[in-house]
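K.L.:
predicted model, plus sequence, below.
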Amino acid sequence: MIQYLRNLHRQYQLKQPLVKAFELAGVYLKYKNGAGKELHILPIIHSIKEHTDYTTYTFTLPDGINPQLFDKHLYVFQQVFGEHISFDGTVKQFTLTVRAKVIDVEPFDYDYDSVSRLCKKVLLPIYCGTSIEGTPIIYDMVTSPHLLIAGETGSGKSTQLRSILTTLILHNDPSQLRLYLADMKRSEFHLFRNVAHVEEVCNRVHQLSKMIFSVRAEIERRGDLLDEAELSHIDDYNRTRKDKLPYLVLCIDEVAFLKKEEAIMEVIEDISAVGRALGVFLILSMQRPDADVLDGKLKNNLTVRMGFKCADLINSKIIGVPGAESLTEKGRFLMKSVELTEIQAPYLDLEKAKVLLAPYKVTPKPKQVDNEDILFEAFDGGSGR
Ligand SMILES: Nc1ncnc2c1ncn2[C@@H]1O[C@H](COP(=O)(O)OP(=O)(O)OP(=O)(O)O)[C@@H](O)[C@H]1O
């Protein structure tokens, strides 16, 4: 009973600032009572949910209130709740998300040693960074399989990819993890060339096409193996076999470049649907969230999303991280998995990454020249672009 009364009181406390903001922003209908006194009909607040670092308010507008009032009077809500708020909704039903700033974590340098103990608790650790409350955030890709990293140019995506891949390499033996990397922006995956864990690094569509079809063939092979063994997950298979199957991670930097490559996009969608049980995982990055690329099942299957600063609310909503448009720090992002968490990514510069990866470099495999490569070189004058 006491707990019930406490909850009721807390709901009342949380509700008051929203009621105040509705009044200040003029989000109400006016009417006069019998005595001629002006009264206001405010939106109906249906639910208030308080999470560790954010609170959501769901409410419905009375008919006749212009929903654009929220855009026009956003500053009023920011004055009441602070800068880090976002509205989600279209005409009548809205959700207001208010993110708390408990402690503001400063940008910091990548240091694997400081998180290696935590990484050891999981199979494929994705080291995300530090929450704004100062807690290191690491999750297991085996249980939360496919990741999308999105945000505008200069927001910190490449740095995050660099540190995520480096952590995976430092944590796993090459026999447990094989990386397939595609750098469609041609910016920096050269860093990972000849690392023992890396199966291939490609940066042209025809190379990616071959790579991705070889991953699909492996998926089919694994499906058959599990079928024959009457098992449904690669981990069960590996528990009983000597010839264990490694986890495969396919990482594509700037997947939006592939939007017109239907055959490739189809395989990416298939991996997103069946990869989890077969130990095949995706990491995709994208500068401008493209609704065409992210449409349908792919978006739903990218269960973890890291939204770095986005141009506007429309973009951050496409990724599923409303609020990312108001991030200001470099390397700061909102992560959506079960909940929405604000995180500061570790900063790993290129030179330090090279030093960390140096012990894992192996002699390059002899390059297999294929006719398509020769044709490509002839067209681009061998510039490699
Ligand atoms: N975690 C971080 N902490 C501090 N600064 C960072 C962090 N990540 C990135 N930066 C700064 O932001 C700059 C841009 O980062 P980065 O190249 O990763 O952005 P991007 O989103 O990949 O951009 P683009 O899409 O144009 O390649 C870096 O050079 C660095 O100065």
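P.N.:
On my side now, so go ahead. Just so it is clear, the model here is predicted, and its values are computed rather than measured.

K.L.:
okay, CA-based contacts and neighbour counts for the rest of this
P.N.:
Will do.

K.L.:
then stretch 70-85 to CSV, C-alphas only?
P.N.:
Extracted in CSV, the C-alpha atoms of stretch 70-85 (Å, rounded to 0.1, in the frame of the first residue of the first chain):
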residue,chain,number,x,y,z
PHE,A,70,5.4,21.4,-30.5
ASP,A,71,7.8,22.4,-33.2
LYS,A,72,7.0,26.1,-32.8
HIS,A,73,7.2,26.0,-29.0
LEU,A,74,10.0,23.4,-28.5
TYR,A,75,12.0,26.0,-26.6
VAL,A,76,9.3,26.1,-23.9
PHE,A,77,9.5,22.4,-23.3
GLN,A,78,13.3,22.6,-23.3
GLN,A,79,13.1,25.4,-20.7
VAL,A,80,11.0,23.2,-18.5
PHE,A,81,12.7,19.8,-19.1
GLY,A,82,16.2,20.7,-20.3
GLU,A,83,17.7,20.5,-23.8
HIS,A,84,17.6,16.8,-24.3
ILE,A,85,14.0,16.1,-25.3
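
K.L.:
how near is Q344 to M211?
P.N.:
33 Å (Cα to Cα, to the nearest Å).

K.L.:
which one's more surrounded, those two?
P.N.:
Q344 (25 against 21; other Cα atoms under 10 Å).

K.L.:
per-residue confidence at the spatially closest residue to the more buried one that is not a sequence neighbour?
P.N.:
Using Cα to Cα, 6 or more residues apart in numbering and skipping the chain neighbours, the partner closest in space to Q344 is R332 (4.5 Å). pLDDT, R332: 94.

K.L.:
could you pull out the strands in the stretch 251-385 of the chain for me?
P.N.:
Residue ranges of the strands in the stretch 251-385 of the chain, as given by DSSP state E, counting those that start in this stretch, are 280-286, 304-308, 332-336, 340-344.

K.L.:
ranking the ones you listed by burial, who's on top?
P.N.:
With neighbours taken as mean count of other Cα atoms under 10 Å, the strands of the stretch 251-385 of the chain reach their highest mean count in strand 304-308, at a mean of 29.

K.L.:
excluding chain neighbours, what is closest to T58?
P.N.:
Excluding the flanking residues, the one nearest T58 by Cα to Cα, 6+ apart is T95, at 4.4 Å.

K.L.:
the helix or strand encompassing the one you found pairs with which strands, and in what direction?
P.N.:
Assigned by DSSP states H and E, T95 falls within strand 93-99. Pairing partners of strand 93-99, with direction, according to DSSP bridges: strand 54-60 (antiparallel), strand 85-89 (antiparallel).

K.L.:
for V362, which of the ones you listed is the nearest?
P.N.:
strand 54-60 (46.0 Å; Cα to Cα).

K.L.:
just checking, next helix/strand downstream of that closest one?
P.N.:
With DSSP H and E, the next secondary element past strand 54-60 is helix 69-72.

K.L.:
which other residues reach the helix or strand following that next one?
P.N.:
Per DSSP H and E, the first helix or strand lying C-terminal to helix 69-72 is helix 74-81. Outside helix 74-81, the residues that touch it by Cα atoms under 8 Å, 6 or more residues apart in numbering are P17, A21, L24, A25, H84, I85, V98.

K.L.:
the second one looks like it's in a helix, true?
P.N.:
It refers to A21. Yes: A21 forms part of a helix when assessed by DSSP: H, G, I helix; E, B strand; the rest coil.

K.L.:
leaving out sequence neighbours, find the closest residue to it.
P.N.:
In space, A21 is closest to F77, 5.7 Å off (Cα to Cα, 6+ apart).

K.L.:
burial check on the one you found, number of neighbours?
P.N.:
F77: 23 neighbours (other Cα under 10 Å).

K.L.:
distance of it relative to T328?
P.N.:
On the measure of Cα to Cα, F77 and T328 end up 19 Å apart.

K.L.:
kindly report the same for K185.
P.N.:
24 Å.

K.L.:
show residues contacting stretch 348-366.
P.N.:
109-110, 159-160, 162-163, 166, 169-170, 191-192, 194-197.
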